[in-house]
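> Following is a predicted model, sequence given first.
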Amino acid sequence: MISGSAARYAFAVVDSMVKLSECRSGDIVLITEIDSQVSGTLRLRELGVIEGVDLKVIKSSNPMLLHVNASRIALDRELADAIRVSRMSLLQGEL
Amino acid sequence: MLTSHDQPGSKPATETQTIRVALVGNPNTGKTTLFNALTGLKQKVANYPGVTVERKSGQFSFEGHSIEVIDLPGAYSLRPTNDVERITRDVLLGLMGSEKPVDIVVVCLDAGNLERNLYFATQVLDLGLPGVVALTMNDEAASMGQPVDPVILEQHLGRPVVETVAPTYKGVTELKRSILQAVGREGEDLPWSIGEKVLHAIEHLAVEIGRHKPMERRILRQIAVELLLDRRGTNRMIDLPGIRELVGKLRAELEWAGVKWVESESLGRYAWIRSVIESTRSASEEKFKPSRSDRVDRVLTHPVFGLGIFLLVMAVVFQSIYTWAGPFMDMIDGLTAAAATAVAGSMSPGPLRDLLTDGIISGVGAVLIFLPQILLLFLFIVLMEDSGYLARAAFVMNRHMRRFGLTGHAFIPMLSGFACAIPAIMSTRNISDPRTRLATIMAVPLTSCSARLPVYALMIGALIPATPLFAGFTAQGFVLLGAYVFSICAALLVARTFRMTVLKGRQQPFIIELPPYRIPSWKTVLNSVWERGRMFVTQAGTIILAINIILWFIAYFPHDNSLQAKYDAQRSAAESMLSGEQLELRMEEIDSLQSGEMLRGSIAGKLGQAIEPVIRPLGFDWKIGIGLLASFAAREVFVSTMAIVYNVGEADETSVSLMDAMRNEKHASGERVYSPLVALNIIIFFILACQCMGTVAVVKRETNSWKWPAVMVGYMTLLAYVSCMLFYQIGIRIWPGLA
């Protein structure tokens, strides 16, 4: 079990190694792998989308809209294909 | 003693030397507001040589020292993805030849988004320049329950951290003092780690680069980091002898050793940043809590409602541009006419007077007349930009733009094109992919700008019947709407064609930050509108003026003095026979007869007759030919030229006499010249042809070559000609009644 970084909450992995593009609105995920061969991933990394960071999918439309740290970042779905994540569920607390 | 600011070397002591400060930070961090608070109104805007990115600088004095602040463009990283970010890197690394190295960097940090802001900040501080950190928007962060402790941040960064609330000037004096104190104090290295093997490779590469280009050690190291780790490759240092080979070898070695070098910088920096954050801020109590902006975005970024609201906003913007600009345009028009009359009254007749009144004054008027619309358009764009809405518009439109090989970023220029292509092309700068940007520049001039409207109005009013079609729409309204729809379709198809042929290439992925909504500061907004307006007048304006003068020459010469004598004789005859209102009418008639005959005999008139065989298949005669030639530099000239050609005196697009004259015009064979089909064809021609020198000039400036303006004029002329010929030739066969 991997736990999220938020102090008062704990997360449990329910689904590992899915593509970020397959996630639905409202999903909270932990980034596990980014295919650095795909162009655009370097800019995402600079914006804070890196391995080990958890994020919330605000909109799963195209472009997707993510809540990462304090930023709201929109990206193409095909770029989201290059990002592998673990979907997590909330163990305690409320969002 | 005389001292010059341009020659710092001539000054005796360092206290009198200007201290150069670079102000840097992520976009939307309140950097511009801070810049305005520091420098007040003592600002200068120019362009960096060779590129059209604005160089904004300002001056202030503090405790007897003169300090110059350069507001560098907002950037997310020192490894650039577009022209704007490239400037920031080049100035900071001292790679920009025209810009002397700066003495100090002031890094803006948005307290509400510290993680991401610190990424760029650590890159900048790694350069080792003396630095000061301005912590902005900490009040906003505090209201969200996450205030940042500047004291702890200062301990981590090893540079003074000053909290500033720019609009209230809180902290601004303290920031100025910190800048002075920081002079000459190099910053210490930040203790983040990129990994031993990568670091080793960087040191090796830095030494090699230093052999060819001796520079400060820490700058060399930053260049080495970029060359080694950034595969986007935008740094020309890679072309130094042997460097490309060395980079390849070092990467292969890292690869072989199993080191994830591509990821090393972002992982290393963010790991350190996370440890800093954890100590400066109490742990997030409510992670991923939706903000107020998120709630607004549920509607504004919705695929259906968001698009609907966006279209509504645009409708309001364009309506306001037309409505609000109207009175100002009339005023400028009136002033131009008054100036021309005043000059004409105070000079004796002759070519010099005519050049002044008809060439130069009306040329200046032709530039200024669009200023109200352009300023209003800038105002709306700046308001949308500063409030954060522009990013949402790009977000909503991205999906639709993708079908045409463009991205959401390209939408704003396309939209601005409906007011004027010149600022629209200038706003393509934030499109990072060069091919997408060029395709956008090529397509923008097809969007139906406001200069085309008078031509539509004349043609529709004169020749399209007001036949009711359905639900209150008439054939006239339908044609006008059709013109706008046709132009946007043409622009999108052209963009797609360019992206599929000469500008072929994989679409760069779309990434955009949606900044929190903020109420724009009026000072900042008005300041940017003013600066952009000034740039338009000085840069596009001079070219439009020059072309107007040339046009005047070819419409004026060869000047037949016997004609002047002939009409002067008619005038004196009229004066002796008529009086009062009748005399005035007769004089006007003589004036327009004279200008008509002179135009026909001029170079422009001769050219019109010369091109008649070429435009015949389009259904146009030589008089329309003169109109087309005259409007080559600026479309709106068409209406006044046609008025001269048809001898109807002063006319605008609602002039009844001009419309009547056109309706009654017959070919030698007795057929009417202006059928509805010809009217439609003139409209199509004006949508597709490149009849705007200002656009040509701005494309040259933005692409820094004559190649792309040439391509643009070439393809648009060809497209207009072929389309109009097909339309007319097919039209006369399918609807002979309209011909």
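Nice, thanks for sending it over.

> Show me which residues of stretch B:176-188 are buried.
Applying a neighbour-count criterion of 16 or more other C-beta atoms under 10 Å in any protein chain shown, one finds B:176, B:178-179, B:182, B:187 buried in stretch B:176-188. C-beta: built from backbone N, CA, C; applies to glycine.

> before we move on, what about stretch B:263-279?
Counting neighbours by 16+ other C-beta under 10 Å, one finds that the buried residues in stretch B:263-279 are B:263-270, B:272-273, B:276-277.

> same question, stretch B:66-84
By neighbour count, with 16+ other C-beta under 10 Å as the criterion, the buried positions of stretch B:66-84 are B:67-84.

> picking up where we left off before, in TSV: the buried residues of stretch B:176-188, plus pLDDT.
What follows is these, written out as TSV (pLDDT from 0 to 100):
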residue	pLDDT
B:176	94
B:178	95
B:179	94
B:182	92
B:187	82
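
> Narrow the residues you listed to those in helices?
Those of the buried residues of stretch B:176-188 mapping onto helices are B:176, B:178-179, B:182, per DSSP state H.

> who does the longest helix seen in chain A touch, helix- and strand-wise?
Looking across chain A with DSSP H, the single longest helix is helix A:41-46. Taking 3 or more C-beta pairs under 8 Å, 6 or more residues apart in numbering or on different chains; DSSP states H and E as contact, the helices and strands that helix A:41-46 lies on are strand A:28-34, helix B:261-280.

> which residues make contact with the last one from outside it?
Outside of helix B:261-280, the residues within contact range by C-beta atoms under 8 Å, 6 or more residues apart in numbering or on different chains are A:34, A:36, A:42, A:45-46, A:48, A:50-51, A:53, B:114-115, B:118-119, B:122-123, B:148-149, B:152-153, B:156-157, B:190-195, B:198, B:201, B:225, B:228-229, B:231, B:251, B:254-255, B:260.

> could you give the angle of it to strand A:28-34?
Using axes from the mean of the first three to the mean of the last three C-alpha atoms, to 10 degrees, the direction of helix B:261-280 lies 150 degrees away from that of strand A:28-34.

> The helix or strand just after helix B:261-280 close to chain A?
Heading C-terminal from helix B:261-280, the first helix or strand you meet, by DSSP states H and E, is helix B:292-300. Yes. Where contact is defined by C-beta under 8 Å from any C-beta of the partner chain, part of helix B:292-300 touches chain A, namely B:293-294, B:297.

> Run through the residues of the stretch 251-400 of chain B sitting next to chain A.
Listed as neighbours of chain A in the stretch 251-400 of chain B under the rule C-beta under 8 Å from any C-beta: B:260, B:262-263, B:266-267, B:270, B:283-289, B:293-294, B:297, B:301, B:303, B:391, B:395, B:398-399.

> Give me the ChimeraX select line for these, limited to the buried ones.
Restricted to the buried members of these, where burial is judged by 16+ other C-beta under 10 Å, the ChimeraX selection command reads as follows:
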select /B:262,263,266,267,270,284,287,288,293,294,297,301,391,395,398,399
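
> Nearest the geometric middle of chain B, what residue?
Ranked by distance to the mean C-alpha position of chain B (C-alpha atoms, centre = their mean), the top residue is residue B:426 at 2.0 Å.

> Just the element for that one, please.
With DSSP H and E as the criterion, residue B:426 is inside helix B:421-426.

> Run through who's touching that helix.
Contacts for helix B:421-426 (C-beta under 8 Å, 6+ apart): B:52, B:374, B:377-378, B:381, B:413-417, B:441, B:444-445, B:447, B:449, B:532, B:536, B:540, B:692, B:694-695, B:698-699, B:702.

> All the strands of the stretch 1-150 of chain B, residue numbers only.
In the stretch 1-150 of chain B, strands defined by DSSP state E, counting those that start in this stretch lie at B:19-25, B:43-47, B:54-62, B:65-71, B:104-110, B:131-136, listed in chain order.

> can you tell me which of those comes nearest to chain A?
Distances from chain A to each of those were compared using C-beta to the nearest C-beta; the shortest belongs to strand B:104-110, at 8.5 Å.

> what residues does that closest one touch?
Judged by C-beta under 8 Å, 6+ apart, the contacts made with strand B:104-110 from elsewhere in the structure are B:19-26, B:28-31, B:34, B:69, B:92, B:117-118, B:120-121, B:124-125, B:127, B:129-137, B:153, B:161, B:175, B:179, B:182-183.

> Also stretch B:521-529?
Contacting residues not belonging to stretch B:521-529 are listed as B:32-33, B:36, B:43, B:167, B:375, B:378-379, B:382-383, B:386 [C-beta under 8 Å, 6+ apart].

> Which helix runs longest in chain B?
Looking across chain B with DSSP H, the single longest helix is helix B:305-346.

> Show me what the helix or strand just after it is packed against.
Helices and strands here follow DSSP H and E; after helix B:305-346, the next one along the chain is helix B:351-354. Taking 3+ C-beta pairs under 8 Å, 6+ apart as the contact definition, the neighbouring helices and strands of helix B:351-354 are helix B:541-556.

> Report the separation between residue B:438 and chain A.
For residue B:438, the distance to chain A (C-beta to the nearest C-beta, to the nearest Å) stands at 18 Å.

> name the element that residue belongs to?
Short version: residue B:438 belongs to helix B:434-443, going by DSSP H and E.

> ok, back up a step: restrict the contacts of strand B:104-110 to those near chain A?
Near chain A, taking C-beta under 8 Å from any C-beta as the test, the members of these found are residue B:120.

> where does chain A have low pLDDT?
Confidence mapping of chain A against pLDDT under 70 gives the ranges A:1-11, A:90-95.

> That one: helices as residue ranges?
With DSSP H as the criterion, chain A has helices spanning A:41-46, A:77-80.

> Point out the most buried one among these.
When neighbours are counted by mean count of other C-beta atoms under 10 Å in any protein chain shown, the highest per-stretch mean among these falls to helix A:41-46, a mean of 23.

> what distance separates that one from the centre of its chain?
The offset between the C-alpha centroid of helix A:41-46 and the centroid of the whole chain comes to 14 Å, using C-alpha atoms, centre = their mean, to the nearest Å.

> quick one: contacts of it?
Contacts to helix A:41-46, defined as C-beta under 8 Å, 6+ apart, come from residues A:34-36, A:73, A:75, A:79, A:82-83, B:76-77, B:79, B:81, B:119-120, B:230-232, B:262-263, B:266, B:511.

> Surely residue B:321 and residue B:377 touch.
Yes. In this structure, residue B:321 is within contact of residue B:377 by C-beta atoms under 8 Å, at 6.0 Å.

> If you count surrounding residues, which of these two has more?
Higher neighbour count among residue B:321 and residue B:377: residue B:377, with 27 against 22, using other C-beta atoms under 10 Å in any protein chain shown.

> Using the three-state scheme, assign that one.
helix (DSSP: H, G, I helix; E, B strand; the rest coil).

> Could you measure from it over to residue B:430?
Counting by C-beta to C-beta, to the nearest Å, the gap between residue B:377 and residue B:430 amounts to 17 Å.

> what secondary structure does residue B:241 sit in?
In the three-state summary, residue B:241 is assigned as coil, counting by three-state DSSP.
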